[in-house]
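**Student:** Structure, please.
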Amino acid sequence: MAGEAPREVDISSFSVEQLNNLKQNFEQEVRDMQTRVQVLAGARRRFANSQACLDELGEASDGDPMLVPVTESMYCAGRVASAGTVLVDIGTGFYMERSLADARQYLQRKVALVDRNMEAAGQVLQQKGHNLDQVTMALQHKILRYQQMEAQQKQQRQAS
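**Tutor:** Here you go, the predicted model:
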């Protein structure tokens, strides 16, 4: 289960159909992990953008004009109400008022967490890619062997 070490399986004894099913499963797992890595990379970019915004906000004074993001591509005009504090989105629609220093620390922790998750996902992706390569090679070898056997049988029938 969760604490068990992965075990090795001799895939050379698998049929072509079993190898093909296994290959399709690994291909899906690789696609899923690639998607996860892309999502994490997007999250990392958003946190980095937030850090850059905090740096710019740190130079602002109360009452300075600014553009407030409504969505990723839409902004509206606004003014800085309090240059020393910001609202931090902590998830699921909850916000906390924090000082700029606290918000920077929060973002640094989030970036570090995303980096660790990206590294772990990258390692899993590499292992799944290796497994996919092994299954693909075994499948190709088995198909080649069947083709050679068919060619030999055909030659024997023609010789008789």
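**Student:** so when I look at Gly78, I'm seeing a strand, right?
**Tutor:** Yes. Membership of Gly78 in a strand is supported by DSSP: H, G, I helix; E, B strand; the rest coil.
**Student:** Counting neighbours, what do you get for the closest residue to it other than its chain neighbours?
**Tutor:** Nearest residue to Gly78, sequence neighbours excluded (C-beta to C-beta, 6 or more residues apart in numbering): Val68, at 4.1 Å. Yep, even glycine has a C-beta here, placed from its N, CA and C like the rest. Using other C-beta atoms under 10 Å, Val68 has 11 other residues around it.
**Student:** For Ala81, give me the backbone phi and psi.
**Tutor:** For Ala81, the backbone dihedrals (degrees, to the nearest 10) come out as phi -90, psi -40.
**Student:** Show the contacting residues for it.
**Tutor:** Residues near Ala81 by C-beta atoms under 8 Å, 6 or more residues apart in numbering: Asp62.
**Student:** quick revisit: SS state for the residue nearest to Gly78?
**Tutor:** strand.
**Student:** Which residue ranges of this protein form strands?
**Tutor:** Remark: strands assigned in the chain by DSSP state E are 65-69, 75-79, 85-91, 94-99.
**Student:** would you list those strands in a markdown table and tack on distance to Gly129 and mean pLDDT?
**Tutor:** Formatted as a markdown table, the strands of the chain follow (distance: least, C-beta to C-beta, whole Å; pLDDT from 0 to 100):
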| stretch | distance to Gly129 | mean pLDDT |
| --- | --- | --- |
| strand 65-69 | 37 | 87 |
| strand 75-79 | 41 | 93 |
| strand 85-91 | 32 | 89 |
| strand 94-99 | 38 | 93 |
